[in-house]
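> Mind looking at a prediction? Sequence and model below.
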Amino acid sequence: MSKIKKSIISIFFLLMSILFLIANVHISSNFYNRFTDEVPVEYKADIINKTVNLNFLRGQDTNLQLRLVNEGSHVWNSSKPQPVMISYNILDSNLKAVESDCGNIVIPGEIYYKYFVDIDVPLTVPSEKGSYYIEFNLKKGNKVVYVSKEKIKIEVR
């Protein structure tokens with residue numbers, strides 16, 4: 001085989017390799033985009049209320065039983081200096097804050113994506129009758145990193 005034919009074949013295979021690498025990069029980036037859509041690179045939680053009766057007396061001290069499912073890619077870690085905590089805001093029927101930044105309970109252990117933990121959150125019910133909403137936050141140290149979209153409605157009589 002002549003040197004010219006060998007050079008042409010070498011260039012052809014080099015170009016094919018480059019095209020193959022470009023195609024793989026494109027496929028990989030599409031996969032990564034789909035993966036990050038499914039698993040957001042952030043703090044995110046599914047907060048499931050396990051408390052049956054949400055009717056309370058004015059000023060009552062109670063516990064809300066919650067299941068926290070890690071829906072984000074960051075691990076919830078209880079170790080210091082900045083543990084992941086859950087806190088909440090109490091909102092009135094117009095969704096205006098009545099009490100803010102309550103709770104600050106350290107989420108125990110290390111909770112990875114799709115793992116969960118059950119916790120009891122102490123709650124002091126507002127002292128006036130009416131409908132209220134509980135909005136939960138995840139905090140890393142003292143910074144709010146996630147605010148739940150769903151709110152738990154409670155009735156105060």
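Received it, and whenever you're ready, just let me know what you need.
> my read: S131 touches K151, true?
No. Contact criterion Cβ atoms under 8 Å: S131 and K151 do not qualify, at 11.0 Å. The way it works is simple: take the backbone N, C-alpha and C, and place the C-beta from them, glycine included.
> the more surrounded of the two?
Taking other Cβ atoms under 10 Å, S131 and K151 do not tie; K151 has more neighbours (16 against 11).
> If you tally nearby residues, what's the number for the nearest residue to I48 once chain neighbours are set aside?
The shortest distance from I48 to any non-neighbouring residue, by Cβ to Cβ, 6 or more residues apart in numbering, is to R67 (4.2 Å). By other Cβ under 10 Å, 14 other residues sit near R67.
> which stretches of this structure form helices?
Secondary structure of the chain by DSSP state H: the helices cover 3-38.
> Not counting its neighbours along the chain, what's nearest the residue nearest the centre of the chain?
Nearest to the geometric centre of the chain sits K44, at 0.8 Å (Cα atoms, centre = their mean). Excluding its sequence neighbours, the residue lying closest to K44 (Cβ to Cβ, 6+ apart) is G72, at 3.6 Å.
> Tell me the pLDDT of that neighbour.
Per-residue pLDDT puts G72 at 89.
> go on, I22?
Taking I22 on its own, its pLDDT is 84.
> what about N104, how many neighbours?
13.
> do L57 as well
12.
> residues contacting the nearest residue to it once chain neighbours are set aside?
The shortest distance from L57 to any non-neighbouring residue, by Cβ to Cβ, 6+ apart, is to R157 (6.5 Å). The contact partners of R157, by Cβ atoms under 8 Å, 6 or more residues apart in numbering, come to N55, F56, L57, R58, K129.
> which residues touch Y43?
G72, H74, W76, V84, L138, K140, V145, Y146.
> same thing but at 6 Å, please
G72, H74, L138, V145, Y146 (Cβ atoms under 6 Å, 6 or more residues apart in numbering).
> Go through the residues you listed and say which is closest to T62.
Lowest distance from T62 to these (Cβ to Cβ) belongs to L138, with 21.8 Å.
> measure the closest residue to K50 other than its chain neighbours to S2 for me?
For K50, ignoring the flanking residues on the chain, the nearest one in space by Cβ to Cβ, 6+ apart is Q65 at 4.1 Å. As judged by Cβ to Cβ, to the nearest Å, Q65 and S2 stand 81 Å apart.
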